[in-house]
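Undergrad: please find the sequence and the predicted model below.
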Number of protein chains: 2
Amino acid sequence: MNNYIKLKRVFVGRMVGSLTEAVSRDAEREKELSQREQEIKWRIEKKLKKVKRVILVMSGKGGVGKSAVTTSLATTLALKRPNRVGVLDSDFHGPVIPMMLGVRDMKYESKMREGSYPVEGPLGIKVASMGLILPDETPFTLRGVMKYEVLREILCSVIWGELDYLLVDLPPGTSDDALNVAFALPRIDGAILVTIPTEVSRVPVRKCAVFCKQYELKMLGIIENMSVLYCPHCGRVIEIFGKGGKAEKIAREEGVPLLGKVPFDPQVAACMDEGIPFILEHPDSRFAKEFQKIAGEITRSLG
Amino acid sequence: MNNYIKLKRVFVGRMVGSLTEAVSRDAEREKELSQREQEIKWRIEKKLKKVKRVILVMSGKGGVGKSAVTTSLATTLALKRPNRVGVLDSDFHGPVIPMMLGVRDMKYESKMREGSYPVEGPLGIKVASMGLILPDETPFTLRGVMKYEVLREILCSVIWGELDYLLVDLPPGTSDDALNVAFALPRIDGAILVTIPTEVSRVPVRKCAVFCKQYELKMLGIIENMSVLYCPHCGRVIEIFGKGGKAEKIAREEGVPLLGKVPFDPQVAACMDEGIPFILEHPDSRFAKEFQKIAGEITRSLG
């Protein structure tokens, strides 16, 4: 055998060797990845094991008061059974739940190995949010996939404990951020759609309904927020977002119940700015009563 | 030479051949890609060549009326010089501009090879939006990178023609969607921040300001929307979103002008639901006058 052939043999040997290695490396990596996926799923499931009901709070568009509805609903539910309600604020770009529940300056208490305890707001409402990790003024500019990973990391680590309800405040709309949350949760018992009575928000709500059907999420119903305003001076009704009746129409069209029509109360925003749940301060207001009705409907619907 | 060696020689030959091919294919692909990038950039620049000013309309969070402000500002600018204002609705998940400007049922007029003409609303305002392509009830569930590509495709194809102002209605917040738009535009002359007077929206506005600094966008100023409401029955002022003075504070903190404080008028939503710019119907309203002031400030600031 001449040197040329010898060299070639070595070359081929290396080539085949490195190819085989690459193939087995790939297979190993895939195995590792799928093992990791399994582990993450398992860890998330474990953390949510003692949570009886996971409810998504969605909105077709931003600014319809989704977070305000989430905190008000959590407060109403917790009034009946304190320490049994949790809120996961899954909105990376505008995490306002900690501010609304007055826990923005609290820190997670971490328990080595096992994870972190959520912070506790009024009535023992447990809160987890990006807003508790990031400094206020940092724009969260992570791209899609990374956000999904961070979200799952949070789901893996937060020790919710025994809860009757975990309300998940979704990012607004039907974007990939919203999709991510739906994919990351091992189970969802139902979704609530929040809207306001403008024609402009009718279309986004429609999209939400299509989204729910597409991903087989049970729609518990629609909440019309900022329905009407009662003038604090003369007491008369102001239809701030146009003529009423839109929520009824959408609910009929989509074949889901209209859970309630929440009036706009200027004092709600003022309370939230100070981190006090409005419902605790004004338990006899029209606002609080409407939420009692809504909470009742949801409880019944989930059995 | 035995058959074994012959076979190996063929094998090595193929291997080396396909490797060389792969390498040159990669290089070619890279060259192709960078050529494509260059071409896209060039095409976008060409389409925006006769646009004098490109202005971003941003908001820290959804639902502060960013799209309403965009259309009102466009109408105010177009009142002075019709046919010289364009609006690009870059919000994929809630494209409401076509509805607000009453062009939702119009179609792009395409001019083979060159692209498509935007649809024309009142006062010759040119509109391009995802809302004109997608059917109303389809949730837009494309992932990040794809959205970027679709956006650039729109920028490549819309024939804006000669414009004084192109207002770009950004997706809410400082998410990757917003980043994408900033990256896709060859030049941005300034950014306007829209906010409402709640403490909850103060933080997101802050993030927007950081975002603008990070990407060296000139902040033209802040517009406080839904500032106060005048009761249509008794005429008295209602501070619907908490105590005033927040926009002034933010403007001071960020060192940017407060362009104006737009009152909340229930008739605005009603008009928008019908696709009629409120300002055209009520040119003497407080709302319209505030926008005249704002447009003046912006024109002056851009020289």
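TA: Now that the structure is in, tell me what you want to look at. The structure displayed is predicted, hence computed values, not measured ones.

Undergrad: which stretches of chain A have low pLDDT?
TA: A:1-19, A:22, A:134-144 (pLDDT under 70).

Undergrad: which parts of it are helices?
TA: A:3-47, A:66-80, A:97-100, A:144-157, A:176-184, A:202-214, A:246-254, A:266-273, A:278-281, A:286-302 (DSSP state H).

Undergrad: deepest in the core, which of these is it.
TA: helix A:97-100 (a mean of 27; mean count of other Cβ atoms under 10 Å in any protein chain shown). Glycine gets a C-beta too; all of them are placed from N, C-alpha and C.

Undergrad: which helices and strands does it pack with?
TA: Counting contacts by 3 or more Cβ pairs under 8 Å, 6 or more residues apart in numbering or on different chains; DSSP states H and E, helix A:97-100 packs against helix A:66-80, strand A:85-89, strand A:126-129, helix A:266-273.

Undergrad: which of the ones you listed sits closest to chain B?
TA: helix A:266-273 (3.5 Å; Cβ to the nearest Cβ).

Undergrad: ok, and what's touching the closest one?
TA: Applying Cβ atoms under 8 Å, 6 or more residues apart in numbering or on different chains, the contact partners of helix A:266-273 are A:68, A:71, A:99-100, A:229, A:232, A:277-278, A:281-282, A:287, B:198-200, B:238-243.

Undergrad: kindly recompute the last result at 7 Å.
TA: A:68, A:100, A:232, A:278, A:281, A:287, B:198-200, B:238-242 (Cβ atoms under 7 Å, 6 or more residues apart in numbering or on different chains).

Undergrad: taking chain A, what residue is nearest to chain B?
TA: Closest point on chain A to chain B, by Cβ to the nearest Cβ, is residue A:63, at 0.7 Å.

Undergrad: list the contacts for that residue?
TA: So residue A:63 contacts B:61, B:62, B:63, B:64 (Cβ under 7 Å, 6+ apart).

Undergrad: need phi/psi at the closest residue to it other than its chain neighbours.
TA: Nearest residue to residue A:63, sequence neighbours excluded (Cβ to Cβ, 6 or more residues apart in numbering or on different chains): residue B:63, at 0.7 Å. The phi and psi values for residue B:63, taken as degrees, to the nearest 10, are phi 70, psi 10.

Undergrad: close to chain B: what parts of the stretch 151-300 of chain A are there?
TA: A:172-176, A:179, A:198-200, A:203-204, A:206-207, A:210-211, A:229, A:231-234, A:236, A:238-242, A:266, A:269-270, A:272-273 (Cβ under 7 Å from any Cβ of the partner chain).

Undergrad: narrow the contacts of residue A:63 to those that are buried.
TA: Applying 16 or more other Cβ atoms under 10 Å in any protein chain shown to the contacts of residue A:63, the neighbour count classes B:61, B:62, B:63, B:64 as buried.

Undergrad: just the C-alphas of the longest strand along chain A, formatted as PDB.
TA: If you go by DSSP state E, chain A has its longest strand at strand A:51-59. What follows is strand A:51-59, C-alpha atoms only, in PDB (Å, rounded to 0.1, in the frame of the first residue of the first chain):
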ATOM      1  CA  VAL A  51     -54.000  24.200  42.500                       C
ATOM      2  CA  LYS A  52     -57.600  23.200  42.000                       C
ATOM      3  CA  ARG A  53     -58.500  25.600  39.100                       C
ATOM      4  CA  VAL A  54     -56.300  27.400  36.600                       C
ATOM      5  CA  ILE A  55     -58.200  30.200  34.900                       C
ATOM      6  CA  LEU A  56     -56.800  32.400  32.100                       C
ATOM      7  CA  VAL A  57     -57.800  36.100  32.000                       C
ATOM      8  CA  MET A  58     -57.600  37.200  28.400                       C
ATOM      9  CA  SER A  59     -58.400  40.300  26.500                       C
END
